[in-house]
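*Asks:* Quick check, what structure comes out for this input:
(chains A and B)
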2 protein chains.
Amino acid sequence: MIKKLAITGGTHGNELTGVYLVKKWQKSPELIKRSNFETITQLMNKRAITEVRRYVDQDLNRSFGLKDLANDNLENYESKLAKELNSQLGKKGSDNPKVDFIVDLHTTTANMGLSIVVSNPSRITWRAIAYLCKMEPLLRVYRWQGDIENAFVDSISPHGFAIEVGAVPQGVLRADLFLQTEALIYHLLDYVEKENSGEDLGLANEIEIYDHEVLVDYPRDKEGDIVAMVHQERQDRDFTLIEQGDPLFLTLDNETISYEGDPRYTLFVNEAAYYEKGFAMTLARKRQVEIIDSLAQYKASIN
Amino acid sequence: MIKKLAITGGTHGNELTGVYLVKKWQKSPELIKRSNFETITQLMNKRAITEVRRYVDQDLNRSFGLKDLANDNLENYESKLAKELNSQLGKKGSDNPKVDFIVDLHTTTANMGLSIVVSNPSRITWRAIAYLCKMEPLLRVYRWQGDIENAFVDSISPHGFAIEVGAVPQGVLRADLFLQTEALIYHLLDYVEKENSGEDLGLANEIEIYDHEVLVDYPRDKEGDIVAMVHQERQDRDFTLIEQGDPLFLTLDNETISYEGDPRYTLFVNEAAYYEKGFAMTLARKRQVEIIDSLAQYKASIN
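*Replies:* Below is the predicted model of the structure:
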C-alpha cells in the first residue's frame, strides 16, 4: 500500500520542466489528488533554481549516498540540503519512511524523448513502469546500475524512479515536453490508485528495457579538455544501435573516430551536464525483463 | 583596406562553438591565414568559459557602451574585462583602431539555423554579409537596432557582426553547427582577401534581411515569474511568419494565448539566456535592403 507519493522537481536548478510542473501543482493541488493516497510536491534545490544552475557546490542528485548522509563533516550547500531532504522525504533505508514513492522530474539536452531512469529493483517500482509503458507506448526505460551505491534522489524512498525528457536545453521550458511529462505523472497517480485498490491492471509479463553497460568519454588532451565532438551522424540518436565502424566522434581537426566494439544502444548522447562528469554518451543493451512478484526472482531473471 | 580581423569566441562562456573554434585556430593558425591581412583570435570571457556560464557578474556582450567603458567606477568582472578587451581590440570609436573587423561567434538555444546579427551600418560590413549570403544561401540576416547604443563586442571595431547558430543547448558542442560556423568564417576571410585586392565580387544589389521591431515577453506573475511557455506550435519556428490568432503562448494551466498583431516574423524563440532579459522572442519585418556605396544613401534606402 502506497500511502504517500512525492513528486520532486528542480533537483537540478536549470531543468525547468520539473520546476514549473511542481509550481503548477502547488497552485492547483486538486490535479494530483487521488482517492486512496496522498501526493506531495517538493522543489528540491531552491538556490540552484533561483540561479538557473544545475547545482551550487555539488550535484544534488549524487548526494544521497548513505555514507555521505551520515557524514557531519560534509558541509557544502548540497551536502546539507541532501540531509534535510532525506529527513523530510526519507529516511533512506528506514523501515518507516515518510514517503513511499518518489518520482523525480528531470530534463536532458540529449534526444532521450520521454524516458525513465530506474535503479530501484522493487516490485512496485517495476509494476508502475509496466503500467506507464502500457499507457504511453513511446516511453523508454533505462536501467542504470553503477558500481557504487545509487545516490539519486529517488533512492531515499522504498519505490521510485526519475523521469528524463529531452531534447531540451538547460534553462528552457518546452511546452511539448512539459505536456508529455504532465500526462505521464497523471498515469502514475492513476496506477498507484488502482494498485492500492487491488484492481487487476492487466500488466504485461515482460517489458523492454535498456540496460546500462558502460560510459564513453570524449577524447581529451592531457589537460582534460575535449578534442572531439559527438559525430554529427551520432548526434540526436539516443536509443539507437551503434555498430563496429559507425562514426562516433569528430575531432576538432575534422577527423572521424569510429566506434570499435560490439553492437550497443547509445543513450544520453551529448548531454551538457555530463561533459564535466566525463562522458559523451552511455552504452546499453536492450533486454526483456520479467515483472514478477519476488525481487529475488526478478534479479535472477535478468542477470 | 582591412588590415586586421579578429575572430572572437567565448564572449558567452557556455556557447561552446566559438570557444572550440578559437582553440582550434590557435592550434592551427594556418587555417585562417590569408595573403593581404592579419587574422587574430581571442577567447573573450575566460572565467565564464571555465565555469561554463554565460557570464560571471554581467553579460559581457552588453558591456561595450561608450559610457560604461569610460566609467572607472564600474568594477565587476565583466566591466573590467570589457575595458581590457576594448584596449586590445578597439578602441571603440577610435580613428586608429587596432582591429578593423570583428566577427563574434555565438550560439543560441533557439532554432535560428545559421544567422548573422548585425547592428553596424558600415559598407564593408554589409558587403561582407552580401558575399556570405551569396556563398551560403541558407544564411539569414537579422538587423538588430535597439533604442540605445549598441554595446555588443563587435561595436568596438569599425566593421563587424555576430554569428548566431542554433538550436544548440548551452554547454553543448554540436558537430553540425561547428562545421557550418567554421565554413562561414572561411568564406568571410576569402571575402576580405578579395575585397582588399580589389577583385570584382559580383555582389547582389539587394539582400533580404529580418529587421528588428519589438521584443515579446513571457506572461508573468506579480513576482516576475513566467506563467506561460512558448506555445508548442510556435516552438522552433524562427524566421517564420506569425499572424493574428496564431498560438503564441501556452499557460501553465494549458490555456492558449493567441498572437494579436500585424503579421511579423518570430526570431530567437525561447532562447534560454533571454528569460532573465525579459523576452520570449523578437518580432521582425522582412525587408530587402540595397547594398550601396554610401552609408548615408544606405540609411535612406531602408528607413
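*Asks:* Skipping adjacent residues, who's closest to residue A:203 in space?
*Replies:* Excluding the flanking residues, the one nearest residue A:203 by Cβ to Cβ, 6 or more residues apart in numbering or on different chains is residue A:130, at 4.4 Å. C-beta here means a position set from N, CA and C on the backbone, and glycine is covered the same way.
*Asks:* before we move on, what SS does the closest residue to chain B within the stretch 1-150 of chain A have?
*Replies:* Shortest the stretch 1-150 of chain A-to-chain B distance, computed as Cβ to the nearest Cβ: residue-wise this is residue A:109, at 4.0 Å. When classified by DSSP: H, G, I helix; E, B strand; the rest coil, residue A:109 comes out as coil.
*Asks:* Get me the contact residues on chain A for chain B.
*Replies:* Proximity of chain A to chain B (Cβ under 8 Å from any Cβ of the partner chain) is limited to residues A:20, A:23-24, A:27-28, A:52-53, A:109, A:167-176, A:178-179, A:225-226, A:229-232, A:235, A:250, A:252-254, A:270, A:272-273, A:275-276.
*Asks:* picking up where we left off before, roughly how far apart are the residue nearest to residue A:203 and residue A:164?
*Replies:* To residue A:164, residue A:130 is 18 Å away according to Cβ to Cβ, to the nearest Å.
*Asks:* The two: which has the busier surroundings?
*Replies:* A direct count of neighbours by other Cβ atoms under 10 Å in any protein chain shown for residue A:130 and residue A:164 places residue A:164 higher, at 25 against 21.
*Asks:* need the contact list for the more buried one.
*Replies:* Residues counted as contacts of residue A:164 (Cβ atoms under 8 Å, 6 or more residues apart in numbering or on different chains) are A:106-108, A:112, A:115-117, A:142.
*Asks:* Need these in JSON lines (columns: neighbour count, pLDDT and secondary structure).
*Replies:* Formatted as JSON lines, these follow (neighbours: other Cβ atoms under 10 Å in any protein chain shown; pLDDT from 0 to 100; DSSP: H, G, I helix; E, B strand; the rest coil):
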{"residue": "A:106", "neighbour count": "25", "pLDDT": "98", "secondary structure": "strand"}
{"residue": "A:107", "neighbour count": "27", "pLDDT": "98", "secondary structure": "strand"}
{"residue": "A:108", "neighbour count": "28", "pLDDT": "98", "secondary structure": "coil"}
{"residue": "A:112", "neighbour count": "24", "pLDDT": "98", "secondary structure": "coil"}
{"residue": "A:115", "neighbour count": "24", "pLDDT": "98", "secondary structure": "strand"}
{"residue": "A:116", "neighbour count": "22", "pLDDT": "98", "secondary structure": "strand"}
{"residue": "A:117", "neighbour count": "22", "pLDDT": "97", "secondary structure": "strand"}
{"residue": "A:142", "neighbour count": "24", "pLDDT": "97", "secondary structure": "strand"}
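*Asks:* quick one: which of those is nearest residue B:5?
*Replies:* residue A:108 (38.1 Å; Cβ to Cβ).
*Asks:* Report the contact partners of that closest one.
*Replies:* Taking Cβ under 8 Å, 6+ apart as the criterion, residue A:108 is in contact with A:164-168, A:268, A:271.
*Asks:* can you give me the strands for the stretch 51-200 of chain A?
*Replies:* Using DSSP state E, counting those that start in this stretch, the strands of the stretch 51-200 of chain A run over residues A:101-107, A:113-118, A:140-143, A:159-166.
*Asks:* Show me how far the shortest one is from its chain's centre.
*Replies:* Averaging C-alpha coordinates over strand A:140-143 and over its chain gives two centres that are 9 Å apart (Cα atoms, centre = their mean, to the nearest Å).
*Asks:* Could you check that strand and say which residues are buried?
*Replies:* Within strand A:140-143, the residues that count as buried by 16 or more other Cβ atoms under 10 Å in any protein chain shown are A:140-143.
*Asks:* ok, it: who's next to it in the sheet?
*Replies:* In the sheet containing strand A:140-143, the strands it pairs with under DSSP bridges are strand A:113-118 (parallel), strand A:206-216 (parallel).
*Asks:* what are the bridge partners for the closest residue to residue A:157 other than its chain neighbours, then?
*Replies:* Nearest non-adjacent residue to residue A:157, counting by Cβ to Cβ, 6+ apart: residue A:102, 4.4 Å away. Per DSSP bridges, the residues bridged to residue A:102 are residue A:6, residue A:160.
*Asks:* Residue A:102 against residue A:158, yeah?
*Replies:* No - if you go by Cβ atoms under 8 Å, residue A:102 and residue A:158 don't touch, sitting 9.1 Å apart.
*Asks:* So for these two, which residue has more residues nearby?
*Replies:* Per other Cβ under 10 Å, whichever of residue A:102 and residue A:158 has more neighbours is residue A:102, with 27 against 20.
*Asks:* check contacts around the more buried one.
*Replies:* Applying Cβ under 8 Å, 6+ apart, we find residue A:102 in contact with A:5-6, A:8, A:89, A:153-154, A:156-157, A:159-160.
*Asks:* Throw together a ChimeraX command that grabs the buried residues out of the residues you listed.
*Replies:* Command for ChimeraX that selects the buried part of these, burial taken from 16+ other Cβ under 10 Å:
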select /A:5,6,8,89,153,154,156,157,159,160
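*Asks:* now the longest helix anywhere in chain A against strand A:113-118, angle please.
*Replies:* The helix spanning the most residues in chain A, taking DSSP state H as the definition, is helix A:175-196. For the pair helix A:175-196 and strand A:113-118, the angle between their directions (axes from the mean of the first three to the mean of the last three Cα atoms, to 10 degrees) equals 40 degrees.
*Asks:* between helix A:175-196 and strand A:159-166, how many degrees?
*Replies:* Here helix A:175-196 runs at 160 degrees with respect to strand A:159-166, directions being taken by the same axes, to 10 degrees.
*Asks:* which helices and strands does helix A:175-196 pack with?
*Replies:* Taking 3 or more Cβ pairs under 8 Å, 6 or more residues apart in numbering or on different chains; DSSP states H and E as the contact definition, the neighbouring helices and strands of helix A:175-196 are strand A:4-9, helix A:16-27, strand A:101-107, strand A:113-118, helix A:123-135, strand A:159-166, strand B:228-230.
*Asks:* so which of the ones you listed comes closest to residue A:195?
*Replies:* Taking Cβ to Cβ as the criterion, residue A:195 comes closest to helix A:123-135 out of the helices and strands packed on helix A:175-196, the separation being 6.6 Å.
*Asks:* Which strands or helices does the closest one pack on?
*Replies:* Identification of packing neighbours for helix A:123-135 by 3+ Cβ pairs under 8 Å, 6+ apart yields strand A:101-107, strand A:113-118, strand A:159-166, helix A:175-196, strand A:206-216, helix A:295-302.
*Asks:* let's go with 7 Å and repeat that
*Replies:* Counting contacts by 3 or more Cβ pairs under 7 Å, 6 or more residues apart in numbering or on different chains; DSSP states H and E, helix A:123-135 packs against strand A:113-118, strand A:159-166, helix A:175-196, strand A:206-216.
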